[in-house]
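> The following block contains a protein sequence and its predicted model.
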Amino acid sequence: MKAMVLFSGGLDSSTCLALAVKKYGAENVTALSIYYGQKHDKELRAAEAVAAHYGVDRKTLDLTQIFAGADCSLLRGSEGEIPKESYAEQLTKTEGKPVSTYVPFRNGLFLAAAASEAIGCGCSVIYYGAHSDDAAGNAYPDCSEAFNRAMNEAIWLGSGEQVKIEAPFVGLKKADVVRMGTELGVPFEKTWSCYEGGQRPCGKCGTCRDRAAAFEACGLTDPLMKGE
Ligand SMILES: [Zn+2]
């Protein structure tokens, strides 16, 4: 059996990759990294490094054009600043809508693209790293359990019962992902989560705050923040 992992080079998808490699063996795992017009390519370089660490095959795909008209502060060409607040603070101002770093239906699009790729290369399972902290308060609705169930069913039916989704963290918190990744020996120092493309993580954007809180909850220090 072969597996495909939606792989951004961040902490969650790197832990997904480690799980897939453990279960299927590196030779049966393909990491799929999708470019969507993000402001920097730092996470794609992290993806290269982590994929090389695990010795898995890596495919890349460019879906930038689909988001050309999107109003999302993560994207190149967007006027909006990336917020320097926690998701909880941001959600107090969005009136029930997703946060400004939500890329419209990104996980839906990426999973659908991965399903097409998976059928083409004989992979019967797609892993992705959605977790419940991202879905909380509807910050990223395409990370929720309900979304995952619906997408899994759509892909299973639409692929002629050839491809399933595996979302190992969908009911877990990011701290659980850090704990699992630590046990699996994930090279967190090679991953990149920050929405900014600086030399070091900014420490202030939503995802930096989430990542820091997750390490702290585990009583661990993020290797990217060592020497602070
Ligand atoms: Zn940051």
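Noted; the coordinates are in hand.
> How about the helix ranked longest in the chain, which residues are buried there?
Residue-count comparison of every helix in the chain, with assignments taken from DSSP state H, identifies helix 106-121 as the longest. Taking 16 or more other C-beta atoms under 10 Å as the neighbour-count basis, helix 106-121 is seen to contain the buried residues R106, N107, L109, F110, L111, A113, A114, A115, E117, A118, I119. (Each C-beta comes from the backbone N, C-alpha and C, glycine too.)
> gap between the last one and C16?
Same thing as I119. Here I119 is placed at a distance of 20 Å from C16 (C-beta to C-beta, to the nearest Å).
> Then the fourth one?
Applying C-beta to C-beta, the value for F110 to C16 is 13 Å.
> Just name the closest of the buried residues of helix 106-121 to the ion, please.
Comparing the buried residues of helix 106-121 against the ion with C-beta to the ion picks out R106 as the nearest, at 18.2 Å.
> What pLDDT is listed against that closest one?
Here, the pLDDT recorded for R106 equals 93.
> cool, and E228?
What the model reports for E228 is a pLDDT of 62.
> Report the secondary structure state of the nearest residue to G203 once chain neighbours are set aside.
Closest residue to G203 in three dimensions, ignoring its sequence neighbours and counting by C-beta to C-beta, 6 or more residues apart in numbering: A212, at 7.0 Å. Reducing the assignment to helix, strand or coil with DSSP: H, G, I helix; E, B strand; the rest coil, the entry for A212 is helix.
> Report how many residues lie close to A212.
The burial metric for A212, expressed as a neighbour count using other C-beta atoms under 10 Å, is 18.
> cool, the one 3 residues further on as well?
F215: 22 surrounding residues under other C-beta under 10 Å.
> From the ion, how far off is the residue nearest to it when sequence neighbours are not counted?
Of all residues beyond its chain neighbours, the one nearest F215 is D222 (4.5 Å), with distances taken as C-beta to C-beta, 6+ apart. When C-beta to the ion, to the nearest Å is applied, the distance between D222 and the ion equals 12 Å.
> Which phi and psi values does D222 adopt?
Reported as degrees, to the nearest 10, the phi and psi values for D222 are phi -70, psi 120.
> tell me the contacts of it?
Taking C-beta atoms under 8 Å, 6 or more residues apart in numbering, we find D222 in contact with F188, R211, A212, F215.
> any idea how far the closest residue to I66 other than its chain neighbours is from Q38?
With sequence-adjacent residues excluded and distances taken as C-beta to C-beta, 6+ apart, I66 is closest to L109, at 6.6 Å. Using C-beta to C-beta, we find L109 at a distance of 14 Å from Q38.
> now R58
Taking C-beta to C-beta as the measure, R58 and Q38 are separated by 17 Å.
> Settle it for me: which of those two has more neighbours?
For the pair R58 and Q38, the greater number of neighbours falls to Q38 (20 against 17), based on other C-beta under 10 Å.
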